[in-house]
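> Let's see this in three dimensions:
(chains A, B, C and D)
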2 protein chains.
Amino acid sequence: MTTMSVEGAPSADVAGQIRDAIQTGRYAPHQRLIESDISAEFGVSRAAVRTALLTLTGEGLVERMPNKGARVRSVTLDEAVEIAEVRMGLEALCARKAAEVATDDDIAKLRRLRADMVAAAESGNHLTYSELKSAVHQRVQQISRHSTAVALLERLRAQSARHQFRLALHPGRGVDSVHEHAAIIDAVVARDPEAAESAMRLHLAGVLEVLRTLD
Amino acid sequence: MTTMSVEGAPSADVAGQIRDAIQTGRYAPHQRLIESDISAEFGVSRAAVRTALLTLTGEGLVERMPNKGARVRSVTLDEAVEIAEVRMGLEALCARKAAEVATDDDIAKLRRLRADMVAAAESGNHLTYSELKSAVHQRVQQISRHSTAVALLERLRAQSARHQFRLALHPGRGVDSVHEHAAIIDAVVARDPEAAESAMRLHLAGVLEVLRTLD
DNA sequence: GTGAAAGAAATCGTCGACAGTTCCTGCGCA
DNA sequence: TGCGCAGGAACTGTCGACGATTTCTTTCAC
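Sure, this is the predicted structure:
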């Protein structure tokens, strides 16, 4: 599943492939991204790679130094903490807005999600439980219809993907966060903006705590 | 002063020139940005323009549709409100952090800034007063040393420059916001994170209010 | 042996030309 | 008159080659 693009793509979205390579760790942090090498690896022209690198620079995944080339931007732990702090502010905003504007349909979906999540947690199905946790965040963002905040969150998520991963397999957390996620859903379902915001803040404060004790 | 780059710049930073053109309004919102036209206007190759447009797309100033070209991204009033909401969260974070980490030197500079601002307000010097107001925000951000939040704020500022302008010449505001800015400074000087955050929130809530009644 | 300068290698930046796509225009036909 | 279908204009997307810059290597003088 690594490199089986033989002829299908004329030059597909090179940016997407490089992005994957970065986020799965195939391209390590701080690794140099040499245009001609990538061009050969994916079988596309150097110009295509160049535009892809420009795009990824805009997304904050790649660093470029004039005349010295591009490299995978490495996010330090300090930066990961900063990102988490900003995330807290943005997700709190989304939670608040979600509670304000949620439709009946949105609320029905949240209720179902809550039930699924609790069920997965009780049956000890860690994988689907973990997926459902992020689904909560994603759904709340979607409900908020705050395109600016959501776009920024997506950016930040991409940048700190590596640290998110480390965080995911951190022991101890995972059990108590069921209640936190449930509380967020409950607040939005109750259309209580204040409660939704503070529930989200409380939850992410916990995440931040773990992240700070990680180095 | 439009096109007197005869030979000096090999291709200078085209992105910078286009950015200026967008922010000064010479390129209107939603205006198409045709590569060959710009290439001719600035006397650089089309490839240079292309990379510049990619860069600006990453900054959120330009929109691109595949095979259909680029255009100046127009920020609707709704989006401007969203941006202001996000700004509130980010600047509140900066204010809090600034109050936590400010050095004695930072505080001295803030005190001077406060005095200058009050003086300008009392003497009715609207121009410098307005500049000093933004200086407060800028300084608080700088003191916070929160590079992630500051970078995002810079992005957002650039995107909503046009609306900021409209807001600046809005009547009524400007007198009362002296106290708000002073309160922010006082809280940071007192190294009181809670107070700093809520003072900033209060101030930006006022700005938001005006923005919402603007359409 | 050490350091600096000259040369070579590697890599980015730029260009002009060509291919592909979208959109407009005008013609023919009902 | 209205609709669909070429044909063409206007751009964007892609490519390979050339020029410029940085970095590594080698050589030479002291």
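
> Mind telling me what element the nearest residue to A:Leu33 once chain neighbours are set aside is part of?
Leaving aside its sequence neighbours, A:Leu33 sits nearest to A:Ala70 (CB to CB, 6 or more residues apart in numbering or on different chains; 4.4 Å). Yep, even glycine has a C-beta here, placed from its N, CA and C like the rest. Taking DSSP states H and E as the criterion, the element that holds A:Ala70 is strand A:69-72.

> What's the first helix or strand after that strand?
Of the helices and strands lying after strand A:69-72 in sequence (DSSP H and E), the nearest is helix A:77-101.

> buried residues in the one helix or strand A:Gln141 maps to?
For A:Gln141, the enclosing helix or strand under DSSP H and E is helix A:126-144. Applying a neighbour-count criterion of 16 or more other CB atoms under 10 Å in any protein chain shown, one finds A:Tyr129, A:Leu132, A:Lys133, A:Val136, A:His137, A:Arg139, A:Val140, A:Gln141, A:Ile143, A:Ser144 buried in helix A:126-144.

> With pLDDT and distance to A:Gly58 added, can I get those residues in a markdown table?
Listed next are the buried residues of helix A:126-144 as a markdown table, based on pLDDT from 0 to 100; distance: CB to CB, whole Å:
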| residue | pLDDT | distance to A:Gly58 |
| --- | --- | --- |
| A:Tyr129 | 83 | 34 |
| A:Leu132 | 91 | 32 |
| A:Lys133 | 89 | 29 |
| A:Val136 | 95 | 29 |
| A:His137 | 97 | 24 |
| A:Arg139 | 97 | 27 |
| A:Val140 | 98 | 26 |
| A:Gln141 | 98 | 21 |
| A:Ile143 | 98 | 27 |
| A:Ser144 | 98 | 24 |
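
> Mind putting those residues into CSV with distance to chain B?
As requested, these are arranged in CSV below (distance: CB to the nearest CB, whole Å):
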residue, distance to chain B
A:Tyr129, 29
A:Leu132, 26
A:Lys133, 23
A:Val136, 20
A:His137, 16
A:Arg139, 19
A:Val140, 15
A:Gln141, 13
A:Ile143, 15
A:Ser144, 10
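
> Determine which two of those residues are furthest apart.
The span of these, defined through CB to CB, is set by A:Tyr129 and A:Ser144 at 23.4 Å.

> mind listing the helices in chain A by residue range?
Assigned by DSSP state H, chain A shows helices spanning A:14-23, A:35-42, A:46-58, A:77-101, A:104-122, A:126-144, A:147-159, A:161-168, A:177-189, A:193-212.

> relative to helix A:161-168, how tilted is the longest one?
The directions of helix A:77-101 and helix A:161-168 differ by 80 degrees, with axes from the mean of the first three to the mean of the last three CA atoms, to 10 degrees as the criterion.

> The lowest-mean-pLDDT helix or strand in chain A near chain B anywhere?
Every helix and strand of chain A was ranked by mean pLDDT, DSSP states H and E. The lowest is helix A:161-168, at a mean of 80. No - judged by CB under 8 Å from any CB of the partner chain, helix A:161-168 makes no contact with chain B; its nearest approach is 12.9 Å.

> what angle do that helix and helix A:193-212 make?
Using the same axes, to 10 degrees: helix A:161-168 against helix A:193-212 is 90 degrees.

> which strands and helices sit next to helix A:161-168?
helix A:77-101, helix A:193-212 (3 or more CB pairs under 8 Å, 6 or more residues apart in numbering or on different chains; DSSP states H and E).

> which ones are touching A:Ala21?
By CB atoms under 8 Å, 6 or more residues apart in numbering or on different chains, the residues touching A:Ala21 are A:Tyr27.

> Which pLDDT value goes with it?
We have a pLDDT of 93 for A:Ala21.

> Could you check how far it is from DNA strand D?
According to CB to the nearest atom of the strand, to the nearest Å, A:Ala21 stands 18 Å off from DNA strand D.

> same deal with A:His179?
Taking CB to the nearest atom of the strand, one finds A:His179 at 48 Å from DNA strand D.

> State the distance from that residue to A:Lys133.
A:His179 is 12 Å from A:Lys133, where distance means CB to CB, to the nearest Å.

> for A:Asp13, same thing?
A:Asp13 sits 29 Å away from A:Lys133, going by CB to CB.

> Against DNA strand C, how distant is the residue most central in space within chain A?
Among the residues of chain A, A:Arg157 comes closest to the average C-alpha position under CA atoms, centre = their mean, at 2.9 Å. Distance, A:Arg157 to DNA strand C, by CB to the nearest atom of the strand: 27 Å.

> Spit out the contact partners of that residue.
A:Gln164.

> Please tell me how far it sits from A:Ala151.
Distance, A:Arg157 to A:Ala151, by CB to CB: 11 Å.

> so what's in contact with the two at the same time?
Joint contacts of A:Arg157 and A:Ala151 (CB under 8 Å, 6+ apart) do not exist.

> quick one on the thing from earlier: would you mind checking the average pLDDT for the strand holding A:Ala70?
Strand A:69-72 comes out at a mean pLDDT of 94.
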